[in-house]
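Peer 1: for reference, the sequence and a predicted model appear below.
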Amino acid sequence: KLARLRLAQNRPIESIRLAEQALLRPSEQLRKSHVHETIARALLKLGRKPEALAELRKAIANERALYASLPFADELQISRENFIQPRFELFALTAADLMAERPNPALATEAFEVVQENRAASLRKRASADEAWRDRLPDAYWQTLAELRRMAARQSAPDSQTEENMRRARARLVEFESAAGVPGDLRSGFRATVPQLQSRLQPGEIVAGFLLAEPHSLRWVIDRNSIRMAPIASRASITAAAAKFRRHVQQSDPAHRSSGAELAKLLFDGIPTASSWTIIPDDVLFTIPFAALALPGARDTYLIQSVAIRLVPTAGFLDQTRPAPLTNFLGFGDPVTNRADPRLSGKRIPAGAPDLPRLPNSAEEIRRCSRLWPDHRILSGPLPGIDSLRAALAAKPRVLHFATHVYRPPQQDSPVIALGYTPNGDWNVLTGRDIVALGVAPELVTLSGCGSGRGPLAPGSGLLGLTRAWLMGGTGAVMATLWEVPDGGGQLLEDYYQTMLGIRRSGTSRNAAYSLQKAQLNALRSSPPAVWAPYFVIGAI
């Protein structure tokens with residue numbers, strides 16, 4: 001604390017001396033990374049960048065060792081990622097400053113790998129965990145999960161007692177998951193190396209990775225043979241441009257052309273020509289419709305007209321599935337979502353229960369999409385809750401399609417999928433935690449509900465929400481939406497699946513990105529970007 005105080009007082013030499021004394025204290029061993037970071041920041045004030053980078057390497061090595069003993073529960077993993085993210089960010093920015101003085105491809109590689117090491121580490125850990133951890137969960141876990149689901153499903157704002165009950169339920173789930181899981185170690189398959197990533201790229205494909213920061217952000221461009229790191233605009237500049245562009249697209253404002261060109265210049269100026277882009281977003285970049293951006297150097301051409309786009313949460317999230325035909329399809333749509341629906345047969349609905357408008361075209365959407373698959377099943381109407389979905393998933397469908405409401409309950413951070421009312425009048429939802437706990441991961445998931453791809457943005461962890469939950473459960477690719485879409489997007493989705501069935505590329509997320517590109521190209525001929533641009537694909541590399 002004294003070392004940090006001296007640093008804040010702009011007395012870096014005294015800060016370094018105090019920090020070095022702290023390193024000698026046994027009581028400081030668990031906080032060595034903090035001490036090394038303090039030394040590094042003091043060295044940067046003195047202009048000693050190579051020495052600062054060496055101290056940051058020590059800090060990150062200490063964090064790596066601590067990660068091995070961190071409990072298994074996802075909330076604890078995310079909290080750790082968020083807390084230590086500034087350390088990884090400082091390493092990359094310091095490396096970039098050094099490269100401005102002397103180009104060094106090895107340093108660009110190291111900076112990229114360090115950033116990706118902390119990026120969504122919790123997602124990688126849970127997705128690669130032994131499936132047996134679910135079998136070790138006690139009955140009390142599932143009872144608590146059901147209790148939390150019922151509380152989260154309410155549409156009215158929870159009272160103070162309900163909030164406290166939800167907090168306690170989440171705490172119990174964290175304890176159960178920590179006891180059932182196993183410690184994870186970033187050194188055991190979690191660190192993404194550039195050669196490993198390059199080996200998965202196809203000709204004509206590039207990776208564009210981002211770190212938004214101040215006073216400038218960083219962008220890496222990786223192809224099969226090279227890596228380039230470059231400073232780009234500041235986080236504040238990119239955030240403002242992204243918000244303006246998104247607003248223009250949502251409102252079908254003709255100004256989306258100029259704002260899209262402005263944002264594309266900030267993000268992609270100088271990027272090489274490629275037919276397929278794998279984008280590793282950061283922060284606000286998870287919320288923009290990349291498909292509707294202007295093609296760099298061609299203001300009147302949409303990016304999707306030349307490039308297939310897929311998002312990945314981190315370079316270390318690798319597709320571990322074996323290629324297999326996507327033959328069987330499970331569609332869920334048109335559930336009972338309001339008390340006026342005649343399919344409820346007059347069942348009494350408690351006061352304050354959700355009352356969402358019926359989506360009349362959702363039934364037609366899943367019928368049209370299901371007919372494309374040789375083996376398909378549809379769930380709709382009043383169903384006996386989450387158990388009916390769990391039973392249908394036991395058949396291990398390769399493709400799962402939801403055409404229903406996605407909404408965020410009051411005072412909840414993440415959205416839920418509306419499963420609707422049961423024949424008994426009970427309201428059911430599918431939460432992110434339910435998805436992970438299912439233990440069944442279709443290879444391809446489509447969430448065509450409004451804003452299904454939204455969720456909290458966390459430093460280090462990235463986008464939290466339903467897409468992350470499916471990926472954590474083992475799904476290879478998820479297609480979702482950034483904002484409200486019309487009830488009746490069946491043609492775009494039908495085109496998407498028809499292309500999926502006809503291509504033979506490697507990797508589900510790559511196939512999904514190419515298929516979505518074709519569907520969006522068909523849609524842009526007759527629809528404004530507000531209709532087709534919110535759809536995106538996120539998955540494993």
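Peer 2: Happy to help now that I have it. As the structure is a computational prediction, the values presented were derived from the model and not from experiment. Numbering: from 1, shown residues only.

Peer 1: all helices of the stretch 51-200 of the chain, in order?
Peer 2: For the stretch 51-200 of the chain, the helices defined by DSSP state H, counting those that start in this stretch occupy 74-101, 105-118, 121-127, 132-135, 139-152, 160-180, 194-198.

Peer 1: highest average neighbour count across those?
Peer 2: Of all the helices of the stretch 51-200 of the chain, helix 121-127 has the most neighbours on average by mean count of other C-beta atoms under 10 Å, namely a mean of 25. C-betas here are computed from N, CA, C, even on glycine.

Peer 1: now for D300: which residues touch it?
Peer 2: By C-beta atoms under 8 Å, 6 or more residues apart in numbering, the contact list for D300 reads 257, 294.

Peer 1: which element is T301 on?
Peer 2: strand 298-302 (DSSP states H and E).

Peer 1: thought T422 was touching D387?
Peer 2: No: assessed by C-beta atoms under 8 Å, T422 is found out of contact with D387, at 9.4 Å.

Peer 1: those two: which has the busier surroundings?
Peer 2: Comparing T422 with D387 by other C-beta atoms under 10 Å, the one with more neighbours is T422, at 20 against 11.

Peer 1: backbone dihedrals for that one, please?
Peer 2: Dihedral pair for T422: phi -80, psi 170, per degrees, to the nearest 10.

Peer 1: identify the residues contacting the nearest residue to R200 once chain neighbours are set aside.
Peer 2: What sits nearest to R200 in space, not counting adjacent residues and going by C-beta to C-beta, 6 or more residues apart in numbering, is I541, at 5.5 Å. By C-beta under 8 Å, 6+ apart, the contact set of I541 is 197, 200, 278, 312, 315, 317-319, 507, 509.

Peer 1: contact partners for Q116?
Peer 2: 191-192, 209, 280, 314-316.

Peer 1: and for F210?
Peer 2: 217-220, 267, 279-282, 285.

Peer 1: tell me where this protein is predicted with low confidence.
Peer 2: Within the chain, the segments meeting pLDDT under 70 span 27-30, 154-158, 182-191, 320-323, 346, 411, 488-489, 505.

Peer 1: tell me which residue is most central in it.
Peer 2: L463 (3.8 Å; C-alpha atoms, centre = their mean).

Peer 1: can you tell me which of the contacts of F210 are in helices?
Peer 2: L267 (DSSP state H).

Peer 1: would you list the contacts of F210 in JSON lines and tack on distance to E51?
Peer 2: Shown next, in JSON lines, are those (distance: C-beta to C-beta, whole Å):
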{"residue": "S217", "distance to E51": "25"}
{"residue": "L218", "distance to E51": "21"}
{"residue": "R219", "distance to E51": "26"}
{"residue": "W220", "distance to E51": "24"}
{"residue": "L267", "distance to E51": "33"}
{"residue": "I279", "distance to E51": "34"}
{"residue": "I280", "distance to E51": "30"}
{"residue": "P281", "distance to E51": "32"}
{"residue": "D282", "distance to E51": "28"}
{"residue": "L285", "distance to E51": "33"}
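
Peer 1: sorry, back to before: adding distance to L44 as columns, could you present the helices of the stretch 51-200 of the chain in JSON lines?
Peer 2: Output for the helices of the stretch 51-200 of the chain, formatted as JSON lines (distance: least, C-beta to C-beta, whole Å):
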{"stretch": "helix 74-101", "distance to L44": "7"}
{"stretch": "helix 105-118", "distance to L44": "15"}
{"stretch": "helix 121-127", "distance to L44": "25"}
{"stretch": "helix 132-135", "distance to L44": "42"}
{"stretch": "helix 139-152", "distance to L44": "45"}
{"stretch": "helix 160-180", "distance to L44": "37"}
{"stretch": "helix 194-198", "distance to L44": "26"}
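
Peer 1: S226: which of the ones you listed is closest?
Peer 2: Closest of those to S226 is helix 105-118, at 7.6 Å (criterion: C-beta to C-beta).

Peer 1: now that closest one against helix 74-101, angle please.
Peer 2: Interaxial angle of helix 105-118 relative to helix 74-101 (axes from the mean of the first three to the mean of the last three C-alpha atoms, to 10 degrees): 170 degrees.

Peer 1: gap between helix 105-118 and the chain center?
Peer 2: 20 Å (C-alpha atoms, centre = their mean, to the nearest Å).

Peer 1: what is the end-to-end distance of stretch 467-482?
Peer 2: Stretch 467-482 stretches 11 Å from its first residue to its last (C-alpha to C-alpha, to the nearest Å).

Peer 1: so how far is that stretch off the chain centroid?
Peer 2: Using C-alpha atoms, centre = their mean, the offset of stretch 467-482 from its chain centre is 8 Å.

Peer 1: stretch 334-342 too?
Peer 2: Worked out by C-alpha atoms, centre = their mean, stretch 334-342 lies 31 Å from the chain centre.

Peer 1: list the contacts of that stretch.
Peer 2: For stretch 334-342, the external contacting residues (C-beta under 8 Å, 6+ apart) are 343-344, 349, 353-360, 362-363, 366, 380-383, 403-405, 418-421.

Peer 1: in that stretch, which residues are buried?
Peer 2: 334-337, 339, 341 (16 or more other C-beta atoms under 10 Å).

Peer 1: which two among the residues you listed are spaced furthest apart?
Peer 2: D334 and R339 (16.1 Å).

Peer 1: contacts only, for A274.
Peer 2: Contacts for A274 were tallied using C-beta under 8 Å, 6+ apart; they are 204-206, 223, 307.

Peer 1: could you rerun that using 10 Å?
Peer 2: By C-beta atoms under 10 Å, 6 or more residues apart in numbering, the contact list for A274 reads 201, 203-208, 221, 223, 306-308.

Peer 1: kindly report the same for G333.
Peer 2: 359, 361-367, 369-370, 378-381, 401-404, 448-449.

Peer 1: nearest to A523, out of the helices of the stretch 51-200 of the chain?
Peer 2: helix 121-127 (30.4 Å).

Peer 1: what is that closest one packed up against?
Peer 2: helix 49-67, helix 74-101, strand 462-463, helix 466-473 (3 or more C-beta pairs under 10 Å, 6 or more residues apart in numbering; DSSP states H and E).
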